[in-house]
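In: just coords:
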């Protein structure tokens, strides 16, 4: 079945550091891929998405590229801010049932 | 994107009681889903709420424990029945916009069972 494997956290960075959170997936066919973010005490917000191979999703300085050859969708940001501190979830939607399959989540803590 | 609200936002309940969570969307949507997020964990799909028919439950979740209603295309409820402390979680509803498309989430209901 479909699955998502996500980098274990927590990830602790200093402000303005480069961020990478790894995400790989297993799926039949061509799923859509997503990154969601959950700020403390809040629900999930869509951060970015990609729906086909080589698509790059981007938002708020975050980027992720859909790599079918490596079945990956790594999240990157060139310069993190304290306000980026949150839990980040990688997810896929394989389409047949429209179920979202989530990774375990990665806690990012950015220190000033 | 759809605007989704949930009620209550949080609650503290006694074991053995039941709580009904409401999810309201500001536009008609075909797909609505209910998820559980246990403390410090990821999200797990409980069921797909189908309008006009019984919900479709995922493995490990049953209708007697989590009855779901979907009377129309903008509203759904999830009941957590005969609660125990293990049911302490965040419960989130989401709506889908199409096949393989984005799901948008409500703010969640934070439930603590004593």
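Out: Cool, the structure landed. This one's a predicted model, so the numbers in the text were calculated from it and none came from an experiment.

In: Run a quick check on residue B:52 versus residue B:73, I expect a contact.
Out: No - taking contacts as CB atoms under 8 Å, residue B:52 lies outside contact range of residue B:73: 9.5 Å. Where C-beta positions appear, they are placed from N, C-alpha and C, glycine not excepted.

In: More neighbours: the two, which one.
Out: Higher neighbour count among residue B:52 and residue B:73: residue B:73, with 16 against 8, using other CB atoms under 10 Å in any protein chain shown.

In: So what are the sheet partners of the host helix or strand of residue A:5 and their directions?
Out: Here residue A:5, judged by DSSP states H and E, is contained in strand A:3-6. On the basis of DSSP bridges, the sheet neighbours of strand A:3-6 come out as strand A:23-26 (antiparallel).

In: Next SSE downstream of the strand it pairs with?
Out: Tracing the chain past strand A:23-26, the next element assigned as helix or strand by DSSP H and E is strand A:32-38.

In: Flag every buried residue along the helix or strand hosting residue A:46.
Out: Take DSSP H and E as the rule and residue A:46 turns out to sit in strand A:44-50. For strand A:44-50, burial by neighbour count (16 or more other CB atoms under 10 Å in any protein chain shown) applies to A:44, A:46-50.

In: Then stretch A:33-44?
Out: By neighbour count, with 16+ other CB under 10 Å as the criterion, the buried positions of stretch A:33-44 are A:33-38, A:43-44.

In: cool, and stretch A:49-56?
Out: Judged by neighbour count (16+ other CB under 10 Å), stretch A:49-56 contains these buried residues: A:49-51.

In: picking that back up, what's next to the strand holding residue A:46, contact-wise?
Out: Contacting residues not belonging to strand A:44-50 are listed as A:32-39, A:56-60, A:62-66, A:73, A:75, A:88-89, B:1, B:43, B:92, B:94, B:102, B:104-105 [CB atoms under 8 Å, 6 or more residues apart in numbering or on different chains].

In: if you look at the helix-or-strand element of chain A with minimal mean pLDDT, does any of it touch chain B?
Out: Considering only helices and strands, the least confidently modelled element of chain A by mean pLDDT, DSSP states H and E is strand A:100-102, at a mean of 92. Yes - for strand A:100-102, a contact with chain B is found by CB under 8 Å from any CB of the partner chain, at A:100, A:102.

In: Determine the next helix or strand in the C-terminal direction from the strand holding residue A:5.
Out: Next along from strand A:3-6, by DSSP H and E: strand A:11-14.

In: what helices or strands is that following strand leaning on?
Out: When contacts are defined as 3 or more CB pairs under 8 Å, 6 or more residues apart in numbering or on different chains; DSSP states H and E, strand A:11-14 packs onto strand A:19-21, strand A:106-111.

In: any idea of the mean pLDDT for the longest one?
Out: Spelled out, it's strand A:106-111. Strand A:106-111 shows a mean pLDDT of 96.

In: With the first one instead?
Out: With pLDDT averaged residue by residue, strand A:19-21 scores 97.

In: With stretch A:28-36 instead?
Out: Averaging pLDDT along stretch A:28-36 yields 92.

In: And that stretch, end to end?
Out: From the first residue to the last, stretch A:28-36 extends over 22 Å; the measure is CA to CA, to the nearest Å.

In: residues making contact with that stretch?
Out: Looking at what lies outside stretch A:28-36 - CB under 8 Å, 6+ apart - the contacts are A:2, A:23, A:25, A:44-53, A:57, A:62, A:64, A:66, A:68, A:73, A:75, A:88-95, A:100, A:102, B:100-102, B:105.

In: Fine, thanks again, bye for now.
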